[in-house]
Structures are given as structure tokens and as C-alpha cells.
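In: model this:
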Amino acid sequence: MNKSKLTKPESIETPQKPMLIFDNECGFCSGMALKWYEKTGEQIRFVPFNEISENLRDPAIEGFENEMKLLYPD
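Out: You can find the predicted model right below:
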């Protein structure tokens, strides 16, 4: 599996499936996201934290830059 699968740009405004937000500048986080991808494939969307624009970040959910977050669609 190519790491580029984890960093391809996708719209996150209306997620249709669970979305894992991770810090792709952190080796540990990127490695864990890659492991998740190997297990789940396309069932989860992988979105690097630094690709989320400020206006899409939910202030009610803190810690994006310090933790991996798995978000489920409404």
C-alpha cells in the first residue's frame, strides 16, 4: 500500500463514511494510519490534519493536532 492513499485530497464537509484524522507530520501517527488502512481499506477515509481548513475544524472537538480522531457520519 502506498502512503499516498493516506494523503489524497478529499472533501470532508459531508462525510459518507467514517473518517480518521491524523497528523501526517508525525511518524507514529502516519504509521498507525497506514496500519488502519491495511486493515480497513476504503471503508474509512484518511485525512491528514494539516489538510483540514480552519473553517472546517469543529471547536467542540479539541486535540486534532495531538491525537488521532475517528469521526463517524451523522
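In: Show the contacting residues for Y72.
Out: With contact taken as C-beta atoms under 8 Å, 6 or more residues apart in numbering, Y72 is in contact with P18. For glycine as for every other residue, the C-beta is placed from the backbone atoms N, C-alpha and C.
In: Please apply the same query to N50.
Out: N50 makes contacts with D23, N24, E25, as judged by C-beta under 8 Å, 6+ apart.
In: For the protein, just list every one of the helices.
Out: Secondary structure of the chain (DSSP state H): helices located at 27-40.
In: in it, which segments are predicted with low confidence?
Out: 1-15, 53-65 (pLDDT under 70).
In: Quick one: the strands in it, in order.
Out: All strands of the chain, identified by DSSP state E, fall at 19-22, 45-48, 69-71.
In: Out of those strands, which is closest to W36?
Out: W36 lies closest to strand 19-22 among the strands of the chain, at 6.2 Å (C-beta to C-beta).
In: Quick one: neighbours of the closest residue to N24 other than its chain neighbours, just the number.
Out: Among residues not flanking N24 along the chain, P48 sits closest, at 3.7 Å (C-beta to C-beta, 6 or more residues apart in numbering). Neighbourhood size, P48 [other C-beta atoms under 10 Å]: 19.
In: Mind listing the residues bridging to P48?
Out: Beta-bridge partners of P48, counted by DSSP bridges, are F22.
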